[in-house]
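S.K.: Got a sequence here, can you build the structure:
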Amino acid sequence: ALLGMMTGCAEKLLSVRYRRAGPAGWLGGPMYYIRDGLKSPLLAGWFALACLPATLTGGDMVQSSSIAAALQATFGWDRLAVAAVAVLTGLVMVGGIGRIARVSSGLVPAMALLYLGGGAAVLAARADQIPEAMALIFCSALRPEAAVGGGMGYTLAAALRYGVARGVFTNEPGLGMSAIAHACADVEEPAEQGMWGIFEVF
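M.R.: As a prediction, the model looks like this:
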């Protein structure tokens, strides 16, 4: 999460710093700050081309499959029912960056409230078990077995790999996709949007 906050801040800040005015609003993202900041149009072009398969596979297919699996496991819904989500997403995307920004500005606060509210509800429902859980965490962390396990390189590598993978799929720090949307923000100072990049990961 700390690594994600740093990369999220940097990419959002750079995205606003190197954005350009377009016919329908601001245009920005890694392809702009790579081209104008690093002075590397070839690398910027490769990034723009890499966005296509990354969006279709990593963004659309993996996340649609995750939604389908969660709805099936929780409610017993047919996995094809998620096709409706894909159609709604497509309708939003067809409207361009303006429609994406409008829909996101409504969904993101609702999503954050639902996530934080759900977490608070779970903690409230199990409030009597919180002290025991905290004691278990601290006792387990200070046992000799934990020190031996923590010293193994494989454990650290596996934890880092799964942590980064989960972080990338939840808030995309370092991928650059969300920085394209952040470039459209109505801010005067790039660092202001960088702070939102930190908060997004937090």
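S.K.: Report the buried residues of the helix or strand hosting residue 178.
M.R.: Per DSSP states H and E, residue 178 falls inside helix 177-182. By neighbour count with 16 or more other Cβ atoms under 10 Å, helix 177-182 contains the buried residues 177, 178, 179, 180, 181, 182. Using the backbone N, CA and C atoms, a C-beta is placed for each residue, glycine as well.
S.K.: Out of the residues you listed, show me where the pLDDT dips lowest.
M.R.: Model confidence across the buried residues of helix 177-182 bottoms out at residue 177, which has 77.
S.K.: Tell me the spacing between that one and residue 81.
M.R.: 26 Å (Cβ to Cβ, to the nearest Å).
S.K.: in which helix or strand would I find residue 21?
M.R.: Counting by DSSP H and E, residue 21 is part of strand 20-22.
S.K.: Next: residue 120.
M.R.: Counting by DSSP H and E, residue 120 is part of helix 96-125.
S.K.: per-residue confidence averaged over the helix or strand just after that helix?
M.R.: Next helix or strand after helix 96-125 toward the C-terminus (DSSP H and E): helix 130-141. What helix 130-141 shows for mean pLDDT is 86.
S.K.: again with stretch 88-97
M.R.: Mean predicted confidence for stretch 88-97 is 76.
S.K.: Can I get stretch 44-63 in CSV, CA atoms only?
M.R.: Extracted as CSV, the C-alpha positions of stretch 44-63 are listed here (Å, rounded to 0.1, in the frame of the first residue of the first chain):
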residue,chain,number,x,y,z
ALA,A,44,5.1,7.0,-25.2
GLY,A,45,3.8,5.3,-28.4
TRP,A,46,4.6,1.8,-27.0
PHE,A,47,2.7,2.6,-23.8
ALA,A,48,-0.3,3.8,-25.7
LEU,A,49,-0.3,0.6,-27.8
ALA,A,50,0.1,-1.5,-24.7
CYS,A,51,-3.0,0.0,-23.1
LEU,A,52,-5.2,-1.8,-25.6
PRO,A,53,-4.5,-5.4,-24.7
ALA,A,54,-4.0,-4.5,-21.0
THR,A,55,-7.5,-2.9,-20.9
LEU,A,56,-9.2,-5.8,-22.7
THR,A,57,-7.5,-8.6,-20.8
GLY,A,58,-6.4,-7.3,-17.4
GLY,A,59,-9.1,-4.7,-17.0
ASP,A,60,-12.2,-6.2,-18.6
MET,A,61,-11.8,-9.9,-18.6
VAL,A,62,-10.2,-10.5,-15.2
GLN,A,63,-12.4,-8.0,-13.3
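S.K.: which of the residues in it are buried?
M.R.: Buried, per 16+ other Cβ under 10 Å, within stretch 44-63: 44, 47, 48, 51, 59.
S.K.: my read: the fourth one touches residue 177, true?
M.R.: The one in question is residue 51. Yes. Look at residue 51 against residue 177 with Cβ atoms under 8 Å: they come within range, at 7.0 Å.
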